[in-house]
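K.L.:
After the sequence you'll find the predicted model.
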Amino acid sequence: MKKVAIYIRVSTQEQAKEGYSIEAQKEALINFCKAKQWNIYNIYIDGGYSGSNINRPALDKLLNELDKIDVVLVYKLDRLSRSQKDTLYLIEEKFIKNNVDFVSMTESFDTGTPIGMMMVGILSTFAQFERENIKERITTGRIERAKEGHWVGTGRPPIGYDYIDGQLIVNKYEAMQVKEIFDMYLKGYGQIKIRNILHNKGYTTKYGSWLNSSEHTIYRIITNPVYIGKVAFNGEYYEGNHQAIIDEESFNKANMLIDKRKGKSTKRKHLLTGLLICKKCNKRYTTDKGNKYSYYICHNRKRGYKADVKKCFNKIWRVEELEKRVVNIIKEKTKDEESIREAYNKKIKNKTSNNNEVIDKRIKEIDNQINKLMDLYQFDKLPTNIISERIEKLYNEKKTLESQKVDTLENDFPTFEEVYKYMKNFNKIWDGLDRERKIAVLDDMIEAIYVDDDDIDVELRV
């Protein structure tokens, strides 16, 4: 009497399919053995494992016991594998070489006959074809979701967002930290130093302490276009449905700085590249070269001939003309102490109120967590040493965050006198600077330049 090894595999996706459940396969295969008067040596079950590879515990066990059996029996060929290469490897290199026949119950063939061997090759080809079709449908579906603005990343949403009901939702506490990362990087801080500062401030994310994060985490944040409202898939970028955390100007500058630190050439020819924003359509101005002159032109006007772009008709400026106009505006603005003080006070108010609001919310969350742990202690739900350790950790985070409400302004923001002195020097130093240094000064002083035909609004960074 032949000794038979029954092999059963069900992937997670197939658990609910009629005829593919573990019990359904098991019952059918046992009855088949009874009809053939075969003796069942063992039943090997891989539940929740894909057929795309052969790294499965029950299959491994079966392969190690081939010397004890005569036949491997499956419900259907693709239960063994959906890969033609793996199927033929198992049959030819494992089963046949160990004098073990392979039988598929529903396809009525076995490798003990020539026609059975031929059918194995044919059916395994179709099994792989089905797998490739599934993979293509999944990929196509993800591309369509990306085009519709949905995030199609891994199961770990980026720091700064929570993934709720299929959407990226801004996590205000983490978003505050993302903004500080970009701010510090643009001020010249290195990635490891930024990570250490975040840790020393007591900040945490959904993934834990900054000290335990990878040294590449800061780099991944700075280079991730999700923070300017984009979603990416297969190297293509699409407009996302989620709220941006970082403006495009800061994002582009930070990434230019990354390239510069890598040793790549970031020299640019024109003073205002990356600073100009179209007031009509909110896109960036870029440069274009004519036969005789170079021009600043709205990105949507330049691309307006494309079917998917609504053409913008904002003014096209000659490079020299617009640069001269902007420099003159800056010279006038930097003479006006009251305008600078007003901008400075507005910046201070926004910085302190926004950060304090988010920090207060996080402190409230910590208090709630401490109260829950105290309840667990009261009802003996957790060991005392574990509760004490968790409470101490939360208390230390709370204490550090409370200090940040005072220290953030003192340590991270210049005084008005420092800002005004820097601004006032613009007129004295400008004409003596070379072009590269002029670009650096403008990048440091200008938040954005808004172009609305002949109306130019320069927003200074204080």
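P.N.:
Okay, I see it. Numbering: from 1, shown residues only.
K.L.:
Between the two ends of stretch 373-386, what distance do you get?
P.N.:
Counting by C-alpha to C-alpha, to the nearest Å, the length from the leading to the trailing residue of stretch 373-386 is 10 Å.
K.L.:
who's sitting farthest from the centroid in this protein?
P.N.:
Centroid-distance maximum for the chain: residue 1 at 57.8 Å, with C-alpha atoms, centre = their mean.
K.L.:
contacting residues for it?
P.N.:
The contact partners of residue 1, taken as C-beta atoms under 8 Å, 6 or more residues apart in numbering, are 37, 38, 39. Every C-beta, even on glycine, is put in place using the N, C-alpha and C of the backbone.
K.L.:
from these, which is closest to residue 239?
P.N.:
Using C-beta to C-beta, residue 38 comes nearest to residue 239 of these, at 61.1 Å.
K.L.:
my guess is the closest one meets residue 6, correct?
P.N.:
No - at 9.6 Å, residue 38 and residue 6 do not qualify as touching, with contact defined as C-beta atoms under 8 Å.
K.L.:
which regions of the stretch 351-462 of the chain sit below the pLDDT cut-off?
P.N.:
Within the stretch 351-462 of the chain, the set of residues satisfying pLDDT under 70 comprises 351-356, 376-382, 384, 402-414, 462.
K.L.:
hey, where'd the strands end up in it?
P.N.:
Counting by DSSP state E, counting those that start in this stretch, the stretch 351-462 of the chain has strands at residues 446-452, 455-460.
K.L.:
Just name the most buried of these.
P.N.:
For these, ranked by mean neighbour count under the definition mean count of other C-beta atoms under 10 Å, the leader is strand 446-452 at a mean of 18.
K.L.:
Summarise which helices and strands that one is packed against.
P.N.:
Strand 446-452 is packed against strand 276-278, helix 319-333, strand 455-460, with contacts defined by 3 or more C-beta pairs under 8 Å, 6 or more residues apart in numbering; DSSP states H and E.
K.L.:
what packs against the shortest one?
P.N.:
Strand 276-278 makes packing contacts with strand 285-289, strand 446-452 when contacts are defined by 3+ C-beta pairs under 8 Å, 6+ apart.
K.L.:
check contacts around residue 392.
P.N.:
Residue 392 makes no contacts at all, as judged by C-beta under 8 Å, 6+ apart.
K.L.:
where exactly do the strands run in the stretch 151-300 of the chain?
P.N.:
Chain-ordered strands for the stretch 151-300 of the chain, with DSSP E, counting those that start in this stretch as the definition, fall at 161-164, 167-170, 204-205, 208-209, 230-233, 236-239, 276-278, 285-289, 294-298.
K.L.:
Let me know the average pLDDT across the fourth one.
P.N.:
By that I understand strand 208-209. Taken as a whole, strand 208-209 has a mean pLDDT of 84.
K.L.:
now the helices and strands packed on strand 276-278 in CSV, with distance to residue 53?
P.N.:
Written out in CSV, the entries for those read as follows (distance: least, C-beta to C-beta, whole Å):
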stretch, distance to residue 53
strand 285-289, 47
strand 446-452, 51
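K.L.:
Between the ones you listed, which one is closest to residue 188.
P.N.:
Between residue 188 and those, the shortest separation by C-beta to C-beta is 17.4 Å, and it involves strand 446-452.
K.L.:
Show me what that closest one pairs with in its sheet, parallel or antiparallel.
P.N.:
Based on DSSP bridges, the strands next to strand 446-452 in the sheet, each with its direction, are strand 276-278 (parallel), strand 455-460 (antiparallel).
K.L.:
Can you tell me what sits against the first one?
P.N.:
When contacts are defined by C-beta under 8 Å, 6+ apart, strand 276-278 is touched by residues 249, 283-285, 296, 298-300, 312, 314, 322, 448-451.
K.L.:
cutoff 7 Å now
P.N.:
Residues from elsewhere that reach strand 276-278 (C-beta atoms under 7 Å, 6 or more residues apart in numbering): 284, 285, 296, 298, 312, 314, 448, 449, 450, 451.
K.L.:
I'd like those residues as JSON lines, with distance to residue 393 appended.
P.N.:
Converted to JSON lines, the contacts of strand 276-278 look like this (distance: C-beta to C-beta, whole Å):
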{"residue": "284", "distance to residue 393": "44"}
{"residue": "285", "distance to residue 393": "49"}
{"residue": "296", "distance to residue 393": "53"}
{"residue": "298", "distance to residue 393": "52"}
{"residue": "312", "distance to residue 393": "53"}
{"residue": "314", "distance to residue 393": "54"}
{"residue": "448", "distance to residue 393": "41"}
{"residue": "449", "distance to residue 393": "47"}
{"residue": "450", "distance to residue 393": "46"}
{"residue": "451", "distance to residue 393": "51"}
